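> sharing a sequence plus its predicted fold:
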Amino acid sequence: MKNKIKVYRAMQDLTQEDLAQAIGVTRQTILAIEKGKYVPSLDLAFRISRYFKVNIEEVFFYEDGE
Amino acid sequence: MKKNIFYLTIGVVAVVLLAIFWYSVENFTPLFFTVAFVAGVILLYLAYRRVEDFVEDERSARITEKAAMRTLQVFWVCFCAFSILAVMNLIDMPRLSRAFWLNRGTAVVAPEVLPLRLIGYFQLALLCLMIFLYVGFRIYYARKFGDWETDEE
């Protein structure tokens, strides 16, 4: 599972800490998701995409062969 | 309650428990220490519930869950093996001793009983094993789920 959290963060000029606080997780969790070390639950994925006001598929996507 | 105050509480409880342990050994009142230990753990649990600045999200919950599950998977084998050995010793089963079979089951052989004190030491060793397993698995899964990842930020 890949994601564009870093891109959306950059677009909104947010730090990992800002995003983490806004959605109620630790900065380390945001970092782990961005680096692909941790796949978030559906609930957290929705919270992140809703925070950026976009559909979940625009932030998270599944690449063929994974 | 702040996180640092909770850590201070752990320190105070540990020192008090150490003092009670010393008192129990000196006066041979092991039950006193047992009760104090349980009370200390309950006190720490109640204090933990009052901490406000702990952020426990789904990733840390998953790390804890995975580490606990793997620890249980390995530990139950060791614990089961030791428990069977201890029970066999406690209920004196001479038929399972080596000497009994060497005498082709004819001689009356005293059972090879494991001293009760040794069983206690083994139990302590198992407790240490459980702690080591949990810490090891926790480090492994924390690493796997990106706990020590660094970023440009």
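It's in.

> what's the residue of chain B found nearest chain A in contact with, if anything?
Chain A sits closest to residue B:146 of chain B, with a gap of 3.1 Å, by Cβ to the nearest Cβ. Every residue, glycine included, has its C-beta placed from N, CA and C. Contact analysis of residue B:146 by Cβ atoms under 8 Å, 6 or more residues apart in numbering or on different chains lists A:28, A:31, A:32, A:35, A:37, A:38.

> swap the cut-off to 10 Å and go again
Taking Cβ atoms under 10 Å, 6 or more residues apart in numbering or on different chains, we find residue B:146 in contact with A:28, A:29, A:30, A:31, A:32, A:33, A:34, A:35, A:36, A:37, A:38, B:59.

> show me where the chain has its helices.
If you meant another chain, say so; for now it's chain A. All helices of chain A, identified by DSSP state H, fall at A:5-11, A:16-23, A:27-34, A:42-51, A:56-59.

> sorry, should have said chain B
Counting by DSSP H, the helices of chain B are B:3-27, B:30-50, B:58-90, B:98-102, B:116-144.

> highest mean neighbour count out of the helices of chain A?
Per-stretch averages of neighbours, counted by mean count of other Cβ atoms under 10 Å in any protein chain shown, single out helix A:27-34 among the helices of chain A, with a mean of 23.

> mean confidence for that helix?
Averaged over helix A:27-34, pLDDT sits at 93.

> go on, stretch B:59-68?
Mean predicted confidence for stretch B:59-68 is 94.

> what about that stretch, near chain A?
Yes - counting by Cβ under 10 Å from any Cβ of the partner chain, chain A has neighbours in stretch B:59-68: B:59, B:60, B:62, B:63.

> which parts of that stretch are buried?
B:59, B:60, B:63, B:64, B:66, B:67 (16 or more other Cβ atoms under 10 Å in any protein chain shown).

> please apply the same query to stretch B:33-48.
Applying 16+ other Cβ under 10 Å to stretch B:33-48 flags B:33, B:36, B:40, B:47 as buried.

> model confidence over it, on average?
95.

> the residue most central in space within chain B and residue B:120, how far apart?
Closest residue to the average C-alpha location of chain B: residue B:127 at 3.0 Å, with Cα atoms, centre = their mean. To residue B:120, residue B:127 is 11 Å away according to Cβ to Cβ, to the nearest Å.

> what residues go with each domain of chain B?
Following the assignment in automatic domain parsing, chain B carries domains at B:1-54, B:57-148.

> least confident of the ones you listed, on average?
Across the domains of chain B, the lowest-scoring stretch is domain B:57-148, with a mean of 83.

> so how far is that one from its chain's centroid?
Mean-position distance between domain B:57-148 and its chain equals 10 Å (Cα atoms, centre = their mean, to the nearest Å).
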